[in-house]
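Novice: Predicted coordinates and the sequence they were generated for:
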Amino acid sequence: MFLRPWTAYLSEAALLPRNVFLYVVGISRVHQLALVALTVIVFLMEVVPLELQRRAVNDLVKHRAYSWVGLLCLVYFGVVLIQGGIKLALNIYRGWVGELAKRDLRRRVHSVIETPLAANGAETGGIAASMMVAEVEPIGGFVGESLSEPLLQGGILASVLAYMVHLDPWMALAALGIFVPQFVFVPLMQGAINRRAAARVWTLRQLSIHVATPGNETPARLRDDATRIDRVFELDMGIFKIKFTMNFLMNLCTHFQIIAALLIGGWLVVTEQLEIGGVVAFISGVSRLNDPWGDLVNYFRDASVAQVKYRLLASAVNQLTESGAVAPAEEAEPLLRGGTRAV
């Protein structure tokens, strides 16, 4: 099974779509279906280890035959081995699809700059170098996981949450309630990251143009390049600060969920409304909730950045295809020229 190149669907001179998901569907629709099938198998198996943990702990507390606990552990190992093997195949498959998408985009950039219509000036060469070296990387990586990753993490969230509701609705409601603040601060902080990512791409392109033009190293030009290098540093630091602050807040919410599970679950055990195995499985389920939730947040962060970078890349490739020249990326200019600072 091979990934069909974009040119199998469109002519070499055809324009790239502005939306990254349209590109994903056009270049890898068959493989996305296969990735989705593997993903469904993985998240449907997610709750099996939780139930096996609960049964093993309850059997130990009830002093049942140790051989039965050993059998449960053997089944647990088998389930984890099968699920891990499928997930390994899924990750390798996604990486393969992403790498071939990177190759396809690099070939497209290379093909348009080699056409007679394309300008052979430093600006075209500098932007093309930036696109082929740096900008293609996150876009290609996103292609491999564009559909399977949100389905996988969303499926894990849904299946584990349903299992937690099955154990005790009140504990599940408390754990879910602690997610609510994240629905507020995550989108706001992600929007700030996206603006800085777009500005960073624009700045690196302008720097690449100057680097690709030897000679004429006037003091003014050297100052401009130094300013752009400092600007990239400021933008990167702004992204780091926002990203790690968001991770800190999300981890804080995770610990609040564990505290809620211990308080409510402990009370239910004391009042004999829940077995101790249920509390253990619930706390384990909390971590199973937060891991996919964090991965889902990371996915939407990567999707937003990939869409920004893909839109800039598609715009540049389409301009080269139509007119042989590239205009500056307008999406990033307000952040660079306005009053908003990067940090």
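Specialist: Arrived safely, thanks for sending. Bear in mind that the values here come from a model prediction, so they are computed numbers and not experimental data.

Novice: CA atoms for contacts and neighbours, from now on please.
Specialist: Noted.

Novice: need the helices for the stretch 151-300 of the chain, in chain order.
Specialist: Taking DSSP state H, counting those that start in this stretch as the test, the helices found in the stretch 151-300 of the chain are 169-177, 182-211, 219-270, 276-323.

Novice: for these, which one sits closest to A101?
Specialist: With Cα to Cα, the closest approach to A101 among those belongs to helix 276-323: 12.1 Å.

Novice: Please state the offset of the closest one from the chain centre?
Specialist: With Cα atoms, centre = their mean, to the nearest Å as the basis, helix 276-323 stands 3 Å off its chain's centre.

Novice: and the direction of it versus that of helix 169-177, what angle?
Specialist: For helix 276-323 against helix 169-177, the angle by axes from the mean of the first three to the mean of the last three Cα atoms, to 10 degrees is 30 degrees.

Novice: Mind giving me the packing neighbours of helix 276-323?
Specialist: helix 20-44, helix 47-61, helix 66-113, helix 136-145, helix 148-167, helix 182-211, helix 219-270 (3 or more Cα pairs under 8 Å, 6 or more residues apart in numbering; DSSP states H and E).

Novice: residues contacting the residue nearest the centre of the chain?
Specialist: Nearest residue to the geometric centre of the chain (Cα atoms, centre = their mean): Y299, 2.4 Å. Residues near Y299 by Cα atoms under 8 Å, 6 or more residues apart in numbering: 149-150.

Novice: ok, so what distance separates it from A220?
Specialist: 41 Å (Cα to Cα, to the nearest Å).

Novice: Now for the protein, the helix or strand with the poorest mean pLDDT.
Specialist: Least confident helix or strand of the chain, by mean pLDDT, DSSP states H and E, is helix 333-337 with a mean of 43.

Novice: just for the stretch 101-250 of the chain, where's the confidence low?
Specialist: Counting by pLDDT under 70, the stretch 101-250 of the chain shows low-confidence ranges at 113-135, 209-218.

Novice: same thing but at 50, please
Specialist: The stretch 101-250 of the chain contains residues with pLDDT under 50 at 122.

Novice: what about the residue lying closest to V297 once chain neighbours are set aside, how many neighbours?
Specialist: Leaving out its chain neighbours, the residue that sits closest to V297 by Cα to Cα, 6 or more residues apart in numbering is V186, at 7.7 Å. The number of residues packed near V186 is 17, by other Cα atoms under 10 Å.

Novice: ok, now D236?
Specialist: Neighbour count for D236, taken as other Cα under 10 Å: 17.

Novice: so what's the residue nearest to I239 when sequence neighbours are not counted up against?
Specialist: Excluding the flanking residues, the one nearest I239 by Cα to Cα, 6+ apart is I193, at 5.5 Å. Shown in contact with I193 (Cα under 8 Å, 6+ apart): 238-239, 242-243.

Novice: out of these, which is most surrounded?
Specialist: The most neighbours of any of the contacts of I193, using other Cα under 10 Å, belong to I239, which has 22 neighbours.

Novice: In contact with that one, which residues are there?
Specialist: Per Cα under 8 Å, 6+ apart, neighbours of I239: 193, 196-197.

Novice: Let me have those residues in a markdown table, adding distance to V75 as columns.
Specialist: Formatted as a markdown table, the contacts of I239 follow (distance: Cα to Cα, whole Å):
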| residue | distance to V75 |
| --- | --- |
| I193 | 44 |
| R196 | 48 |
| A197 | 46 |
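
Novice: ok, so of the residues you listed, who is nearest D104?
Specialist: Nearest member of the contacts of I239 to D104, counting by Cα to Cα, is A197, at 22.9 Å.

Novice: any idea how far the residue nearest to that closest one when sequence neighbours are not counted lies from R107?
Specialist: Closest residue to A197 apart from its sequence neighbours, by Cα to Cα, 6+ apart: V305 at 6.5 Å. Distance of V305 to R107, computed by Cα to Cα: 22 Å.

Novice: Look at those two and report which has more neighbours.
Specialist: Using other Cα under 10 Å as the criterion, V305 and R107 rank with V305 on top: 23 against 13.

Novice: quick one: the more buried one from P187, how far?
Specialist: Here the criterion is Cα to Cα. By it, V305 lies 13 Å from P187.

Novice: Give the burial count for A197, as a bare number.
Specialist: As a burial measure, A197 scores 23 neighbours (other Cα under 10 Å).

Novice: should've said K87
Specialist: So K87, with other Cα under 10 Å, has 17 neighbours.

Novice: pLDDT score for it?
Specialist: Listed pLDDT for K87 reads 89.

Novice: Spatially nearest residue to A306 (excluding sequence neighbours)?
Specialist: Closest residue in space to A306, ignoring its immediate chain neighbours: I139 at 5.1 Å, by Cα to Cα, 6+ apart.

Novice: From what I see, that neighbour and K309 are in contact.
Specialist: Yes - using Cα atoms under 8 Å, I139 makes contact with K309 at a distance of 7.2 Å.

Novice: before we move on, back to that, the contacts of I193 into a markdown table, with extra columns for distance to L161?
Specialist: Formatted as a markdown table, these follow (distance: Cα to Cα, whole Å):
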| residue | distance to L161 |
| --- | --- |
| G238 | 34 |
| I239 | 32 |
| I242 | 29 |
| K243 | 26 |
